[in-house]
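# turn this into a structure:
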Amino acid sequence: MAKATTTLDWCLIRLGDDHNWWITETSDPVRWDVDGLSIIDPRQVDHLIEVVEPLRDYGFDQDLFEGAFILFRIEKEVGKGNVRLKRVKDSVFDSDDKLFALADTLDEENGPYADLLDHLTRCRVKMLNDVIDFESKLTVDEVEDELREAQNADFIEGNAVHTFNELNSILDYVPEGYETDEDNEDKDPDDEDEDIPDLDAEEEEKLKNDQSLKWDGDEDDDDEASEESKPKEPKRPEGHSKKRS
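Reported below is the predicted structural model:
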């Protein structure tokens, strides 16, 4: 690990409106600017470990991946929505702890994280050229240009790019008009219902009674149904009236 990161012992993080974690303070404010500084949470770490697995057949270097991140674990909550993380020296692939991963971006051009982005791009391009029959081989430059264009659009709109999204843009990249076998599996109609959570009886009843979820006309239908469900007074023969007491 680079010596420049040795004084980064802890950091404070906060959950953003985008449901990602962002750093609000560090033990080394001189070298680490927290403006737009993101950190990958344990759930996202597990996802990345899963999606880089297929790249091992295309030269993926696990050591390069681990060297690109500074790892932390939760130490305590400190109020106002902030959580304090303490640095650890675990392996992101072998640890049983729930770890947060901060990309080592002190040298944005030639640092370990920049090397990782280049490495993952090359691995992904090799994989795509192997599994997709392109008319001409896909190149690293083509992929980098397209990803850079998308990033620049975010910057122009004033959106900070989260590390997790940046990595996923590489690991999920497929040229427009093409798809991989993984994409076809994702579209399997038999799996469409898997992501729909089951509702218990109480939740189902709440949804049924939620007026905001009704379509126009449903209210009229409900009124008609209500009228139909009311007990009706039997008809009396014509010419007869109620018997008076």
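# where in the protein is pLDDT low?
1-6, 181-245 (pLDDT under 70).
# residue ranges for the strands of it, please.
10-15, 21-26, 38-39, 69-79, 82-88, 100-103 (DSSP state E).
# okay, residue 61 and residue 116: tell me how far apart.
Using CB to CB, to the nearest Å, residue 61 is found at 9 Å from residue 116. C-beta here means a position set from N, CA and C on the backbone, and glycine is covered the same way.
# nope, residue 102 is what I meant
13 Å.
# what about these two, which has more around it?
Comparing residue 102 with residue 116 by other CB atoms under 10 Å, the one with more neighbours is residue 102, at 26 against 21.
# and that one, how close does it get to residue 29?
Look at residue 102 and residue 29: by CB to CB, they are 14 Å apart.
# please apply the same query to residue 177.
For residue 177 relative to residue 29 (CB to CB), the value is 46 Å.
# skip the chain neighbours and tell me the closest residue to residue 160.
residue 36 (3.7 Å; CB to CB, 6 or more residues apart in numbering).
# so how many other residues sit close to that neighbour?
12.
# test my guess that it contacts residue 158.
No. With contact defined as CB atoms under 8 Å, residue 36 and residue 158 do not form a contacting pair (10.1 Å).
# would you map the helices across the chain?
Using DSSP state H, the helices of the chain run over 42-51, 62-67, 112-131, 140-156, 163-171, 181-186, 201-209, 218-229.
# elements contacting the second one?
On a contact count with 3 or more CB pairs under 8 Å, 6 or more residues apart in numbering; DSSP states H and E, helix 62-67 meets helix 112-131.
# can you do 10 Å?
Applying 3 or more CB pairs under 10 Å, 6 or more residues apart in numbering; DSSP states H and E, one finds that helix 62-67 makes contact with helix 42-51, helix 112-131.
# quick one, which of these gets closest to residue 57.
helix 112-131 (7.6 Å; CB to CB).
# with only the CA atoms kept, save that closest one in PDB.
Provided in PDB are the C-alpha atoms of helix 112-131 (Å, rounded to 0.1, in the frame of the first residue of the first chain):
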ATOM      1  CA  PRO A 112      -3.600   1.800  -7.800                       C
ATOM      2  CA  TYR A 113      -7.300   2.600  -8.400                       C
ATOM      3  CA  ALA A 114      -6.600   4.100 -11.800                       C
ATOM      4  CA  ASP A 115      -4.600   0.900 -12.600                       C
ATOM      5  CA  LEU A 116      -7.500  -1.200 -11.500                       C
ATOM      6  CA  LEU A 117     -10.000   0.600 -13.800                       C
ATOM      7  CA  ASP A 118      -7.600   0.000 -16.700                       C
ATOM      8  CA  HIS A 119      -7.200  -3.600 -15.800                       C
ATOM      9  CA  LEU A 120     -10.900  -4.300 -15.400                       C
ATOM     10  CA  THR A 121     -11.600  -2.700 -18.800                       C
ATOM     11  CA  ARG A 122      -9.000  -4.800 -20.500                       C
ATOM     12  CA  CYS A 123     -10.400  -8.000 -18.900                       C
ATOM     13  CA  ARG A 124     -14.000  -7.100 -19.800                       C
ATOM     14  CA  VAL A 125     -13.000  -6.400 -23.400                       C
ATOM     15  CA  LYS A 126     -11.300  -9.800 -23.700                       C
ATOM     16  CA  MET A 127     -14.300 -11.500 -22.300                       C
ATOM     17  CA  LEU A 128     -16.700  -9.700 -24.600                       C
ATOM     18  CA  ASN A 129     -14.600 -10.500 -27.700                       C
ATOM     19  CA  ASP A 130     -14.700 -14.100 -26.600                       C
ATOM     20  CA  VAL A 131     -18.400 -14.500 -26.000                       C
END
